[in-house]
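> build me a model:
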Amino acid sequence: METKILIVEDQALIRKGISALIRSNYPAWEIHEADDGVQAIYKANEVQPDIILMDYRMPKMNGLKAAEIILSNFPDTKIIMVSAEENSEFMMDAVDTKVAGIVSKTASEPELLKAISEVTKGQTYLKGIVSDKIMQHLYEKNRKKIKGRHLQTPLLTDRELEVLNLLAKGNSALQIATKLYISRRTVEAHKANIIKKCQVESTPDLIRFAISKRLITI
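Okay, the predicted model is just below:
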């Protein structure tokens, strides 16, 4: 069965150049073209291509939106984004759209051909600068998540704050129990809950954390 490929690019010179590259390397393939996202959807419905090479920034509709619509109707179509966009947000949006590959417009012809070859075999192509940007995005996202978790003010009850303030002033569990008219076991339970909520491992760490977050003043 003849492979059908759709090349979506609003710049005619680039589109014709890619078409010529495909024709010279895959002479038996059926090549179709579109110059914007809306036309890409129309062409996809008309010819049902096996592979789409899709630009991102185009008039009427961007490539990712067009890809999302096409894949919702033809989930077996393999879409490779060929874009000048190299920021990590675009990369992750493309991955979330479930495109089969991403190739930078600065890539060489052999790299584009390699991406097409791997995608036709059912593989994904997320390599080079694309892979680096995705890993950077995931690292920054994870780092911010961890940082936010540590900076989050712990949710302590009024009684826990009382216990925490007395601990910070050097009171023992027995002294706190006497002052608050509760049992020593209850004080120890409050202390354990406070340490768990503040995500620390010892009383000194707890005091330093509480002071830094202005939960107490000494």
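> ranges for the strands of the protein?
Ranges of strands within the chain are 4-8, 30-34, 51-54, 78-83, 101-104, based on DSSP state E.
> just checking, residue 175 touches residue 163?
No. Under the criterion of CB atoms under 8 Å, residue 175 makes no contact with residue 163, lying 11.2 Å away. Every residue, glycine included, has its C-beta placed from N, CA and C.
> now tell me which helix or strand of this structure has the poorest mean pLDDT.
Ranked by mean pLDDT, DSSP states H and E, the weakest helix or strand in the chain is helix 129-151, scoring a mean of 46.
> what does residue 26 show for phi and psi?
Dihedral angles of residue 26 (phi, psi; degrees, to the nearest 10) stand at phi -130, psi 70.
> now do residue 183
Dihedral angles (degrees, to the nearest 10) for residue 183: phi -80, psi 160.
> now it: how far from residue 104?
Residue 183 sits at a distance of 67 Å from residue 104 (criterion: CB to CB, to the nearest Å).
> okay, those two: which has more neighbours?
Taking neighbours as other CB atoms under 10 Å, residue 183 and residue 104 compare with residue 104 leading, 18 against 12.
> which stretches of the protein form helices?
12-25, 37-47, 63-73, 88-96, 109-120, 129-151, 158-168, 173-180, 184-198, 203-212 (DSSP state H).
> a markdown table for those helices, including mean neighbour count and distance to residue 2?
Listed next are the helices of the chain as a markdown table, based on neighbours: other CB atoms under 10 Å; distance: least, CB to CB, whole Å:
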| stretch | mean neighbour count | distance to residue 2 |
| --- | --- | --- |
| helix 12-25 | 14 | 13 |
| helix 37-47 | 18 | 11 |
| helix 63-73 | 20 | 20 |
| helix 88-96 | 17 | 28 |
| helix 109-120 | 17 | 13 |
| helix 129-151 | 12 | 29 |
| helix 158-168 | 18 | 71 |
| helix 173-180 | 16 | 80 |
| helix 184-198 | 16 | 64 |
| helix 203-212 | 15 | 66 |
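> mind telling me which of these the model trusts least?
Of all these, mean pLDDT reaches its minimum on helix 129-151 (a mean of 46).
> state the distance from the residue of the chain positioned farthest from its centre to residue 105.
Residue farthest from the centre of the chain, counting by CA atoms, centre = their mean, is residue 178 at 52.5 Å. Relative to residue 105, residue 178 is positioned 74 Å away (criterion: CB to CB).
> with residue 117 instead?
The gap separating residue 117 from residue 105 is 19 Å, by CB to CB.
> try residue 60
According to CB to CB, residue 60 and residue 105 sit 20 Å apart.
> also residue 82?
According to CB to CB, residue 82 and residue 105 sit 6 Å apart.
> between the two, tell me which one has more neighbours.
Each of residue 82 and residue 105 has its neighbours counted (other CB under 10 Å); residue 82 has more, 24 against 15.
> bridged to that one, which residues?
Here residue 82 sits in beta bridges with residue 103, going by DSSP bridges.
> contacting residues for it?
9, 18, 53-55, 103-105, 112 (CB atoms under 8 Å, 6 or more residues apart in numbering).
> what's the answer for residue 49, then?
Residues near residue 49 by CB under 8 Å, 6+ apart: 4-6, 32, 43, 77.
> model confidence score at it, please.
Per-residue confidence (pLDDT) for residue 49: 94.
> just want the most central residue of this structure.
Compute the mean C-alpha point of the chain, and by CA atoms, centre = their mean the closest residue is residue 92, 4.7 Å away.
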